[in-house]
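Asks: need coordinates for the below:
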Amino acid sequence: MGRLFGTDGVRGIAITELTCELAMQIGRALAVLMGTSGGRPAIVIGKDTRASSDVIEAAFCAGVCSSGADAMCLGVIPTPAVAYLVKKTGASAGVMISASHNSVEFNGIKIFDQNGSKLSDEMEAELESLILDYPERIWITPGTDVGKIRRYQNAGDVYISHLLQMISVRLDGMRIAIDCANGSASGVAKAFFSRLGAEVLLINATPDGTNINQDCGSTHIDMLMDYVVETRCDVGLAFDGDADRCLAVDEMGELVDGDKLIAIIAKSYKEQGKLRHNAVVVTVMSNLGFTYFAKEEGIRRITANVGDRYVLEKMVDGGYNLGGEQNGHIFFLEDATTGDGLLSGARVLEIMQQSGKKLSELAGVMKRFPQVMINVRIPHHQKENWKNDEVLTSLIDQREEELGDDGRILVRESGTEPLIRVMIEGKDFNRINAIAMELSDKIRERICK
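Replies: Okay, here's the model as predicted:
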């Protein structure tokens, strides 16, 4: 990770860490970087429903225009819509103002290149260098040469029409519940799935600037699990704040996580001859059950580091068309350049409709190993230090050896929050839970000083 950019753009506590001054400077630097190829750059900008998103959008647009580029504001819209509209409008770059699944006090700036792909590491480093090392190279445009701020009309409708072209079946007769996390999906989800013919019941689709991801959406799915059963829906879909993730709930109220969704889609793709190189890209966080599923189905499991950018890099490098993460980021590289929660949900509903099977039956293709995840918050000055603590690393090695082939341990730092994530999998839940608590306590003792 760079000095400003993490695994998913620039992120921090809104206004105090991700300040208006920083947002403006990022806007200026991006305008300068895009302007080096000649002509007047145009940057499309979307946002989620946080109250701080309006403030950061205003500062970012001021930076863009003060350095001679035009800002085209899309309004509240999912992240994948920004990636799509960069290409459709011919813009030089795209920006999403969002902290995705994080709570409301956070915000972030994600940047896409002219092809709708996340900026390369090299371009991020160049932006960081302009902002942090050579701010004198960021020019300010005088007088009437400043850029203009425009509002793109009906961005949501354009995005929905684009998605509809990719779904081959009608969903008539299907009753679905959708949790919009009071985020970016709130204004587009019902229209999209209704136009496919489904009966749609929405929850958490009334954003007020403060309630994004608050006890709802893909990070708090219990409400949807109960709602699906109470309203006798065929399926439930849960999105995160910027709608690039999707998790599902079957008709019995059971969670179907990203690993199982990817397994369902991979099996269907293989049967249809659509799975490129007979392979799927997942991360090191993918459940051990996915490994067993892939072996049984004769599908190659390609492993990437945690983070959607790393999954996408593996997919592009290997020419694979399907990949994703347990958290609900799913990538269809033939259709989109980034994860798209609405598209992922529609793909699963498409398979249900084509097969005539309930989601619980489809999800049975993969048996999930018990998994325990504990997040330990650490001080910023202690980042990466745990790797050099011999007492801690020796304990991890010892417990891994004890688990052997019946489990695994993964300890890693979050790329978006000051957390160390301790993840243990194995056949014996009580055993892995005890190990997870032991390691978490040791991290607190050794690192959180």
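
Asks: pLDDT below threshold where in the protein?
Replies: Flagging of the chain using pLDDT under 70 yields the residue ranges 1-2, 36-38, 381, 449.

Asks: 50 instead?
Replies: Judged against pLDDT under 50, the chain has no low-scoring part.

Asks: where do the helices sit along it?
Replies: 20-35, 51-66, 79-89, 121-132, 155-164, 189-195, 222-230, 258-271, 288-297, 308-318, 341-355, 359-363, 390-403, 429-446 (DSSP state H).

Asks: who are the packing partners of the longest one?
Replies: Packed against helix 429-446, as judged by 3 or more C-beta pairs under 8 Å, 6 or more residues apart in numbering; DSSP states H and E, are the following elements: strand 371-377, helix 390-403, strand 407-413, strand 419-426. Any C-beta I mention is one placed from the backbone N, CA and C, and that applies to glycine too.

Asks: measure the residue of the chain positioned farthest from its centre to residue 66 for me?
Replies: Among the residues of the chain, the one whose C-alpha is farthest from the average of all C-alpha positions is residue 143, by C-alpha atoms, centre = their mean at 39.7 Å. Applying C-beta to C-beta, to the nearest Å, the value for residue 143 to residue 66 is 11 Å.

Asks: any buried residues in stretch 384-399, and which?
Replies: Buried residues in stretch 384-399, defined by neighbour count with 16 or more other C-beta atoms under 10 Å: 386, 389, 392, 395, 396, 399.

Asks: and if you look at stretch 207-216?
Replies: For stretch 207-216, the buried set under the neighbour-count rule, 16+ other C-beta under 10 Å, comprises 207, 211, 212, 213, 214, 216.

Asks: for residue 321, give me its contacts.
Replies: For residue 321, the contacting residues are 269, 274, 275, 276, 315, 332, 333, 334, by C-beta atoms under 8 Å, 6 or more residues apart in numbering.

Asks: one more: residue 341?
Replies: Residues in contact with residue 341 (C-beta under 8 Å, 6+ apart) are 78, 80, 185, 218, 237, 239, 240, 243, 244, 245, 246, 328.

Asks: and the fifth one, how far is that from residue 97?
Replies: Distance, residue 237 to residue 97, using C-beta to C-beta: 24 Å.

Asks: just the third one next, same as before
Replies: Distance from residue 185 to residue 97, counting by C-beta to C-beta: 16 Å.

Asks: the more surrounded of the two?
Replies: Neighbour count, other C-beta atoms under 10 Å: between residue 185 and residue 97, residue 185 has more, with 35 against 29.

Asks: am I right that the more buried one is in contact with residue 244?
Replies: No. Residue 185 sits out of contact with residue 244 when judged by C-beta atoms under 8 Å, with a separation of 9.8 Å.
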